[in-house]
Structure formats: structure tokens, C-alpha cells
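[1] what would the 3D arrangement of this be:
(2 chains)
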Amino acid sequence: MATTTAAVTLTSDLLSDNMSVSASTTCMKAGTTADGLDQIEYGYVEVATGDEYDLIATTPTAAKASKLFVKNHSIDETYYIAITQNSQAIGRLYAGDWMFIPADFHDAAADIAITSNGGTNKVEYALFHEGTALTTT
Amino acid sequence: MATTCTISIGSDILSGFGGISESMTLTQAGTVTDIDSTTGFQRRKLSATSAVDLVTMASELIEPKDSVASKIYIRNIGDGKGNIDKSVGVTIGVNAEPIGKLYGGDWMMMPLTCIDADDVTATPATDDTVVLEFVMFYEEA
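    Numbers count the residues shown, from 1 in each chain, chains lettered A, B, ... in the order given. Below is the predicted model:
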């Protein structure tokens, strides 16, 4: 079985009792307890301002399990990428920000799209998934 | 007053994949100033398949600023009694748009718009008890 693990540590001193949360998960295929995600799409792109682009253009089969990591590697703190799924605005990743979400791509329109703002943003992404079949040319 | 978040991903799917290890300090939009508001850490127990709001943007005691650098962390901790079922999940959504399903033990860190319509929702796949932990960080409007 392929094994993919994702661990997080979150700390904050915004509250008087400082918060520290740590968690780790093994990323499994949908509905299973013994079979891990076994496909990956890993890339790095520079995204110019203007148009919206599909970051994940080839969607895995609906109802499959996927995990998506995206990081904005820009340095200028005023730069950001806007994230949308199926035309629904999710949020913004400013320079240095990252996100890690489940993404089950529930229909063909549910691609993850990004729009660059401020200047050309440098974006790293990794999709851990299952169930994608190549399409014939 | 710093809030930081670190991720480490390891995988043997691809032989050349060396893993991902990244850290971020949550800052206010377009600045290097630390983010200044939080909902605090919360737990929500769900026992039905109906969709519920984890965060109702218009009902926050302190109005979040729209379309900036807000983030939310959510984790499915199973039934809250130490039993984690990785085969059953909870679909997390924004403004009724399903984002993805958190199976038992899974976690997510996601940016948010905090626009009033963009509530964060949770929809369990079954009526078995499941507990979500979550915390939102945002800027005060």
C-alpha cells in the first residue's frame, strides 16, 4: 500500500492560554481503512495577473478521495492568489501562505482555479489522489 | 502575537518525492502584521446527515473583514471517545459548495473569504456521532 501522511502543528498566542494543536493523518482512498492514496500530481507554476487558471484541470473521478496542498511562494506580502472551486470563492493565499484541503471534485465543473493578484505569483501544488484514468488522444 | 502553522507531508507514491515541509505565519492581508482575531478552538458534535453551519459569518460576535487573509483549521476526530473511522467522512462546504470530505482523523487548513454568504458547513455521511474540532483566524472588520 502506498502511504501518504500529512502532519500539522498550529500554535497561537492570541488567547491568554496559548493554543498548540498537533495532528497527523494517513491519507486513504475513499471509504477504505486499508488502502492509501496512490496517485500524485506535483508541480510549480508562475501565474501572471489577469486571467483565472485551472490549477487542477484534470479532475479525478467524483466521490474519490483527494488531498490538495497549495503554497504561494511569492515574497512580496502584497501578492496573493485567489482560490475558487466551481466558481465559488474560497479565499486568498498571500505570499508565504499555504493550504491543505480535501478535494473530492464532485462534478466535472469542480476544478480548483486560481487568479494571480499584485504581480506574477509562484505557486507550488501537490494533489494526492486516486482513480484518475488517462484519456485517449 | 503570532500564529504559526507548519505542515509536513511524506509520501512513497513517487520515488523522487522528497516530501513537503512548510511553515507560515498567519498575517493580515498585504502586510507582515500578525493576524489579530480568532473564534477560539471549538468542538462540534454531529449525529445526523443534515448540513450544519460550523461558522455562520453574519453571526460572529466580532464581524470578520471580507476577502482578506482569513484561515480555518478543521479536524475530524471521530466520535470524540477515541474511535476514529477512516472510512466515513464529513463533507466540508463553503456557501453550499462542497469542498471535500474529511474522513476520520483527517484535517484541513483552508483560506476563507468571510463574506456573509460564505458560511462554512459540515455534512456528515452517516448519522453516527462525529466530532469536529475547528478554529478560525481572521481580521476584525
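
[2] which residues are in contact with the residue lying closest to residue B:95 once chain neighbours are set aside?
    Spatial nearest neighbour of residue B:95, excluding adjacent residues (Cβ to Cβ, 6 or more residues apart in numbering or on different chains): residue B:118 at 4.6 Å. Where C-beta positions appear, they are placed from N, C-alpha and C, glycine not excepted. The contact partners of residue B:118, by Cβ atoms under 8 Å, 6 or more residues apart in numbering or on different chains, come to A:88-89, B:57, B:94-95, B:112.

[3] widest-spaced pair of those residues?
    The most widely separated members of these are A:88 and B:57, with 13.9 Å between them, by Cβ to Cβ.

[4] give me the more crowded residue out of these two.
    Here residue A:88 and residue B:57 are compared on neighbour count by other Cβ atoms under 10 Å in any protein chain shown; more neighbours surround residue B:57, at 22 against 18.

[5] pLDDT score for that one?
    Per-residue confidence (pLDDT) for residue B:57: 95.

[6] quick revisit: in strands, which of the contacts of residue B:118 fall?
    A:88-89, B:94, B:112 (DSSP state E).

[7] out of those, which end up buried?
    Listed as buried from the ones in strands among the contacts of residue B:118 are A:88-89, B:94, B:112; burial here means 16 or more other Cβ atoms under 10 Å in any protein chain shown.

[8] adding pLDDT and distance to residue A:49, write those residues out as CSV.
    As requested, these are exported to CSV (pLDDT from 0 to 100; distance: Cβ to Cβ, whole Å):
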residue, pLDDT, distance to residue A:49
A:88, 94, 21
A:89, 96, 17
B:94, 96, 24
B:112, 97, 22
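
[9] and which of these is nearest residue A:18?
    residue B:112 (22.9 Å).

[10] the helix or strand of chain A with the lowest mean pLDDT and chain B, any residue contact?
    Across the helices and strands of chain A, the lowest-confidence element by mean pLDDT, DSSP states H and E is strand A:52-56, at a mean of 91. No. Judged by Cβ under 8 Å from any Cβ of the partner chain, strand A:52-56 makes no contact with chain B; its nearest approach is 11.9 Å.
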